[in-house]
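Q: Next one to model:
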Amino acid sequence: MSTGQEVLVRVENVEKTFRRGSEEVHVLSGMNLDVPSGEFLALMGPSGSGKTTLLNLIGGLDRTTTGSVKIGSERLDQMSDRQLAAWRARHVGFVFQFYNLMPALNAERNVELPLLLTHLSRAQRKRHVQTALEVVGLSHRAKHYPRTLSGGEQQRVGIARAIVTDPTLLLCDEPTGDLDRKSGDEILSLLQALNQDQGKTIVMVTHDPHASNRATRTVYLEKGQLSAEKPE
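A: Residues are numbered from 1 along each chain as shown. As a prediction, this is how the structure comes out:
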């Protein structure tokens, strides 16, 4: 795909194999994918097709068996574990299906968590948190705990936490999978706004065609490989 935009994510000749006892399970095979900067990409495919594995490789949560993953000018497959952790903290925001909020912390403290890995002062962290909560429309709920928030509001907190470090890349794994249609639509509109208004590059795993329609491009995975068309 040639759009004239700089390629931010380049997955090249990637194989990913897991071991189950004596058995080798090939999850990704000969995977090649470019994601231009500023794209909102949806990854679709049946369960077990390798969508989340690919997302985890792009986010540096997992390592390739062979092949390379390059984000900007940096090769993730050549980094040490320590370098990879530091890179993730600087460059990647993760949004999960089940929010992964800390129940003992209120919304603003949950959003602040990634900033505790930085050298920002307490006052700087507070400003970043306030900005992130404003972006997702939850400034008025900053002191509320997850148990007092709706599912949609909890996901907004999750998104605020993902963007609070101003990451290069936003990775979303079934971000509307645990929400009703109305709340899901609100989350998708927020992701679209982050992409269109703030230029965030987003890669989203989803099983929902309604969600993938919000992306600027959809690619399909089937049996660990990219498919030109939606699998039957």
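Q: Give the phi and psi angles for residue 73, as a check.
A: phi -100, psi 10 (degrees, to the nearest 10).
Q: For this structure, just list every one of the helices.
A: Assigned by DSSP state H, the chain shows helices spanning 51-58, 81-91, 107-112, 122-135, 151-163, 181-198, 209-212.
Q: possible to save those as TSV with distance to residue 73, mean neighbour count and mean pLDDT?
A: For glycine as for every other residue, the C-beta is placed from the backbone atoms N, C-alpha and C. Shown next, in TSV, are the helices of the chain (distance: least, C-beta to C-beta, whole Å; neighbours: other C-beta atoms under 10 Å; pLDDT from 0 to 100):
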stretch	distance to residue 73	mean neighbour count	mean pLDDT
helix 51-58	15	22	94
helix 81-91	12	14	92
helix 107-112	29	23	97
helix 122-135	26	16	96
helix 151-163	23	24	95
helix 181-198	22	16	94
helix 209-212	29	17	93
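Q: These: which one's closest to residue 39?
A: Evaluated over the helices of the chain, closeness to residue 39 peaks at helix 181-198, with 7.9 Å, by C-beta to C-beta.
Q: tell me the angle of the closest one relative to helix 122-135?
A: Orientation check (axes from the mean of the first three to the mean of the last three C-alpha atoms, to 10 degrees): helix 181-198 against helix 122-135 gives 120 degrees.
Q: helices or strands next to helix 181-198 in the packing?
A: Where contact means 3 or more C-beta pairs under 8 Å, 6 or more residues apart in numbering; DSSP states H and E, helix 181-198 is packed against strand 40-44, helix 151-163, strand 169-173, strand 201-205, helix 209-212.
Q: Can you report how many residues neighbour the spatially closest residue to residue 104 that is not a sequence neighbour?
A: Spatial nearest neighbour of residue 104, excluding adjacent residues (C-beta to C-beta, 6 or more residues apart in numbering): residue 145 at 7.9 Å. Residue 145: 16 surrounding residues under other C-beta atoms under 10 Å.
Q: Quick check: residue 145 vs residue 98, distance?
A: Computed as C-beta to C-beta, to the nearest Å, the residue 145 to residue 98 distance reads 16 Å.
Q: Ok, residue 116 next?
A: 22 Å.
Q: and if you look at residue 211?
A: According to C-beta to C-beta, residue 211 and residue 98 sit 16 Å apart.
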